[in-house]
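Undergrad: Predicted model and sequence follow; I will ask about them next.
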Amino acid sequence: MPLSLSEKKVVVAEVAEVAKEATSVVAAEYRGLNVAEMTELRRRARTAGVYVRVVPNNLAKRAVESTDFECLREGLKGPLVLAFARDDPGSAARVVRDYRRTNQKLEVRLVAFGGQLVDPADIDTVANLPTWDEAIARLMAVLKAPVTKLARTLAEPHARLVRAMDAVRQQKESAD
């Protein structure tokens with residue numbers, strides 16, 4: 001049953017709102033998937049915090065207008081499911097990639113990150129982006145490294161002196 005004009009406006013507004021806040025998007029062709037398989041994909045996406053929606057292409061084109069994902073407009077063809085990553089930039093790509101491992105019927109058509117289209121074959125690149133917590137941990141490690149190295153460098157002469165004195169002690173003890 002076709003959507004009424006007011007329902008179409010609601011769909012466009014909802015998807016546009018999600019697109020404005022999203023960090024990346026994956027559009028995959030779902031042809032051949034049955035209801036149970038789509039439900040499983042949606043369940044995995046919900047668990048990962050990914051917004052998944054099947055949207056008619058003409059409505060999707062309107063929804064991504066004046067967002068970072070306007071680059072998708074030309075490629076929105078065929079039956080597509082859109083997966084928007086809200087917080088973690090790689091989460092949508094991870095959900096689709098992991099789902100594809102068990103179900104080859106889902107075919108990645110478009111991947112966009114930071115306003116740029118990414119080759120669908122490079123979905124692993126986007127999927128391997130660190131989560132927010134991982135990125136903060138890496139940044140902290142980078143910031144902590146020079147201080148740690150300085151502390152080790154400053155402590156080394158004292159440690160060397162202690163080791164030298166211990167070696168002299170052991171040498172005198174063995175000489176006695």
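TA: That came through, no problem.

Undergrad: alpha carbons only for contacts and neighbour counts from here, please
TA: OK.

Undergrad: So in the protein, which helix runs the longest?
TA: helix 132-175 (DSSP state H).

Undergrad: so what does it touch, helix or strand wise?
TA: Applying 3 or more CA pairs under 8 Å, 6 or more residues apart in numbering; DSSP states H and E, we find helix 132-175 packed against no helix or strand.

Undergrad: Just checking the distance from that helix to the centre of its chain.
TA: With CA atoms, centre = their mean, to the nearest Å as the basis, helix 132-175 stands 37 Å off its chain's centre.

Undergrad: before we move on, what about stretch 91-99?
TA: With CA atoms, centre = their mean, you get 9 Å for stretch 91-99.

Undergrad: what about the strands in this protein?
TA: Secondary structure of the chain (DSSP state E): strands located at 24-29, 50-54, 80-85, 107-113, 116-118.

Undergrad: burial measure for residue 37, as a count.
TA: Residue 37: 16 surrounding residues under other CA atoms under 10 Å.

Undergrad: and the gap between it and residue 47?
TA: For residue 37, the distance to residue 47 equals 16 Å [CA to CA, to the nearest Å].

Undergrad: thinking again about what came up before, what average pLDDT does the longest helix of the chain get?
TA: Averaging pLDDT along helix 132-175 gives 86.

Undergrad: what does stretch 54-73 give?
TA: Mean predicted lDDT for stretch 54-73 stands at 89.
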